[in-house]
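*Asks:* Predicted structure and sequence below. I'll ask about it afterward.
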Amino acid sequence: MKNKLITIEQAADMVHDGMTIMIGGFLGCRNPYQIVDALVAKGVKNLTLIANDSSFPEVGIGKLIVNKQVKKLIASHVGTNKETGNQMNSGEMEVELVPQGTLAERVRAAGAGLGGVLTPTGLGTVVAEGKDIINVDGKDYLLEKALKADLAIIVGAKVDKKGNVRYAKATRNFNPLMATAADIVIVEADEVVEVGEIDPDDVMTPGIFIDYIVDVGGSN
Amino acid sequence: MDDKQLIARRVAKELKDGDVVNLGIGLPTLVSNYIPEGIEITLQSENGFLGMGPAAPEGEEDCYLVNAGGIHVTINPGGAFFDSAESFLIIRGGHVDATVLGALEVDEKGNLANWMVPGKMVPGMGGAMDLVTGAKRVIVAMNHTAKGNHKILKECTLPLTAVNAVDLIVTEMGVMEVTDKGIVLKEINPAFTVEEVQAATGATLIIAEDLKQMEV
């Protein structure tokens, strides 16, 4: 069995300038805090970041924005991080705002081998600008294209050494979707257990999607 | 009772036993404090669960459990967690009976603007566009005017959240239904006259023949 366990530093070293990365979490609950902190320390730049939101300035991925490491942000909500607004207004950072359900489906589509999805969300709004409108049986939909990444960093509450992931409570959010939509997937695990210790019924993301595991031992 | 509580209490009466409901941040959250006796609703939280309970007591916050506003909350027995795709499948797929949210502007076509003010405030739409597109019933809960400026208009001026989406508007002045013919004033707060409500509204109101008094 391939050893998927790596250190926080090894994880951070896989992220390079100019990469497109996805990071799981919802308003900082819970981002892969330890790997993100290592990325901040490393100072990797010109990232395209795909995430639900830009968190708070001092929490999780919010720090990547404050440290000016992100060239382009694709997210549904940026209102809790003033620095995102500042860099958006000054033109330092490009921000693509995507309705949350559309963002989820775009990521899911990439992981599922689909070119995109048809959604009524955003019709008649600025979200529809420049996009194809497709009529299906008399009803209009926006064509929203699949969204993939070079690398995804997700979180898991319990992860076995094969990479099978069980999430906890409201921290599932975008993590299972992002795990399917990137070339390299790293999970920051609160607890790493032996193979067999997670009941197959409880596996939420099968280990085939996970390339590397960082054991942070509940230190969050 | 202040305006916010009054609005929240009135909105709560719109909810039926068994409804799946999504409440927006701020005033709409207060609606859960006024659910009538004998009515059980299930609250949906965009970040991925059903059966949302009240805010977590101080000292008992769970780092894995926040609502869509990032506030530590609880989950009721019988609740369920899921990922963002399933969460928005529930929302977009018409499995939410009612969504209650605030607005910057609403117009007589039921168009809604509540996610940005160009050049000033661009927080992003979060889940709002999906919610108002997919929920079976869209209830706007807000103050009737903003510092004296009209919020209920003939035509929205701000970037839209969705077209032709709003079903009901509840303010401190009254309850209004958006219909094909325009906005119908169905209930009025007895502290105001019809003329006062009309003056505070940027669209021409249709006054319901059986105009009722709003409970205050």
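*Replies:* Sure thing, it's come through.
*Asks:* Just name whatever secondary elements the helix or strand bottoming out on mean pLDDT in chain A is in contact with.
*Replies:* Every helix and strand of chain A was ranked by mean pLDDT, DSSP states H and E. The lowest is helix A:82-90, at a mean of 95. Helix A:82-90 sits against helix A:62-66, strand A:94-97, with contacts defined as 3 or more Cβ pairs under 8 Å, 6 or more residues apart in numbering or on different chains; DSSP states H and E. Any C-beta I mention is one placed from the backbone N, CA and C, and that applies to glycine too.
*Asks:* Grab the nearest non-local neighbour of the most centrally placed residue in chain B.
*Replies:* Closest residue to the average C-alpha location of chain B: residue B:100 at 2.2 Å, with Cα atoms, centre = their mean. Among residues not flanking residue B:100 along the chain, residue B:28 sits closest, at 4.1 Å (Cβ to Cβ, 6 or more residues apart in numbering or on different chains).
*Asks:* Tell me the secondary structure of that neighbour, please.
*Replies:* With DSSP: H, G, I helix; E, B strand; the rest coil as the basis, residue B:28 sits in helix.
*Asks:* Pull the contacting residues for it.
*Replies:* B:8, B:11, B:100, B:101, B:102, B:141 (Cβ atoms under 8 Å, 6 or more residues apart in numbering or on different chains).
*Asks:* ok, how many other residues are close to the fifth one?
*Replies:* Residues contacting residue B:102 under the criterion other Cβ atoms under 10 Å in any protein chain shown number 18.
*Asks:* these two touch, right, it and residue B:141?
*Replies:* Yes: Residue B:102 is in contact with residue B:141 according to Cβ atoms under 8 Å; the separation is 6.4 Å.
*Asks:* quick one: contacts for the residue of chain A found nearest chain B?
*Replies:* Residue of chain A nearest chain B, by Cβ to the nearest Cβ: residue A:79 (2.6 Å). Shown in contact with residue A:79 (Cβ under 8 Å, 6+ apart): A:85, B:121, B:123, B:124.
*Asks:* Which pLDDT does the model give the residue lying farthest from the centre of chain A?
*Replies:* Here the centre of chain A is the reference, and by Cα atoms, centre = their mean the most remote residue is residue A:138, at 34.6 Å. We have a pLDDT of 98 for residue A:138.
*Asks:* do the same with residue B:111
*Replies:* In this prediction, residue B:111 carries a pLDDT score of 98.
*Asks:* and residue A:14, what does it touch?
*Replies:* Counted by Cβ under 8 Å, 6+ apart, residue A:14 has contacts A:151, A:184, A:186, A:212.
*Asks:* Is chain A within reach of stretch B:29-47?
*Replies:* Yes: Stretch B:29-47 reaches chain A (Cβ under 8 Å from any Cβ of the partner chain) through B:45, B:46, B:47.
*Asks:* Phi first, then psi, for the closest residue to the last one other than its chain neighbours.
*Replies:* Taking Cβ to Cβ, 6+ apart, and ignoring the residues beside it in sequence, residue B:47 has residue A:26 as its nearest neighbour in space, at 4.3 Å. Geometry field for residue A:26 lists phi and psi as phi -140, psi 110, criterion degrees, to the nearest 10.
*Asks:* And the contacts of residue A:79, which is closest to residue A:161?
*Replies:* residue B:124 (38.0 Å; Cβ to Cβ).
*Asks:* out of everything not next to it in sequence, what's closest to the closest one?
*Replies:* Per Cβ to Cβ, 6+ apart, closest to residue B:124 is residue A:77, 4.0 Å.
*Asks:* Same question for residue A:39.
*Replies:* Per Cβ to Cβ, 6+ apart, closest to residue A:39 is residue A:12, 5.4 Å.
*Asks:* now residue A:106
*Replies:* The nearest residue in space to residue A:106 (Cβ to Cβ, 6+ apart) is residue A:147, at 4.0 Å.
*Asks:* need the contact list for residue 212.
*Replies:* If you meant another chain, say so; for now it's chain A. Per Cβ under 8 Å, 6+ apart, neighbours of residue A:212: A:4, A:5, A:6, A:10, A:11, A:14, A:184, A:185, A:186, A:187.
*Asks:* actually chain B
*Replies:* B:186, B:187, B:188.
*Asks:* Which secondary structure state does it sit in?
*Replies:* Applying three-state DSSP: residue B:212 is strand.
*Asks:* Quick check: pLDDT value at it.
*Replies:* 98.
*Asks:* I'd like the distance between it and residue B:188.
*Replies:* 8 Å (Cβ to Cβ, to the nearest Å).
*Asks:* Could you find the closest non-adjacent residue to whichever residue of chain B sits closest to chain A?
*Replies:* Closest residue of chain B to chain A, Cβ to the nearest Cβ: residue B:123 (2.6 Å). Excluding the flanking residues, the one nearest residue B:123 by Cβ to Cβ, 6+ apart is residue A:79, at 2.6 Å.
*Asks:* All set, thanks.
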